[in-house]
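# attaching a predicted model along with its sequence, questions to come.
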Amino acid sequence: MRALVMDGCETAPAGTTGPHVLLRDAMEGRGWQVETLHLCEMDIAPCAGCFGCWTRTPGECVVADAARDVARAYVGSELVALLTPMRFGGYGYHLKKAVDRLIPNISPLFTVLHGEVHHARRYLRYPAVLGVGILPGPDTEGEAIFSRLVERNAINMRAPRHAAVTIQTSSEAEESLNALRAALVRVEGGER
């Protein structure tokens, strides 16, 4: 089972603690083979909104940077974890850029899904999505916004399942680890 962590934190992890390590430990503890992309270290330009990935080079962004590798790794995974410091309930800068650049993975054509118009599939299979937001302390409103954002992005990216969880840097490691494990169970579709 192949999992991808799109790590949108401001710096790459150092040491043996922190949300990065807890997420990896929770995933590996459930049997996932984890690949982590530290987005802050990758050359990813913001999306130009040119739609060249749909018209000129279907399925691949016309901008030749690391976002192409991110998009390939995304569709090649069974589970993608979006790890990010939360900003007003949204993604941090590095993750937002990378998520925007995933649009080559969906079709420019439209279909109706659950009574809503969405982009059609480009591929037969897409990964489940787990959003992991990092907060310094409680933020009920921000957590609700984050959960909804992950849900809507998962629908747009055709994820078969999704879940969102927030962890607080002020929490004990075991509490955060338990929250991550519970979210993994939800996104996996139950106990294995």
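Perfect, thanks for sending it.
# what distance do you get for the spatially most distant residue from the centre of the chain to Ile106?
Note on the chain: the largest separation between a C-alpha and the mean C-alpha position, by CA atoms, centre = their mean, falls on Arg56 (26.2 Å). Distance check for Arg56 against Ile106: by CB to CB, to the nearest Å, it reads 16 Å. Yep, even glycine has a C-beta here, placed from its N, CA and C like the rest.
# pull out the buried positions in stretch 130-137.
Judged by neighbour count (16 or more other CB atoms under 10 Å), stretch 130-137 contains these buried residues: 130-135.
# cool, stretch 109-122 as well?
Residues of stretch 109-122 classed as buried under the neighbour-count rule (16+ other CB under 10 Å) are 118-119, 121-122.
# what's that stretch in contact with?
Outside stretch 109-122, the residues within contact range by CB atoms under 8 Å, 6 or more residues apart in numbering are 59, 104-108, 155-156, 158.
# now the residue farthest from the centre of the chain, nearest residue through space, not along the chain?
Val62 (5.8 Å; CB to CB, 6 or more residues apart in numbering).
# again, but for Ala183
Using CB to CB, 6+ apart and skipping the chain neighbours, the partner closest in space to Ala183 is Val165 (3.8 Å).
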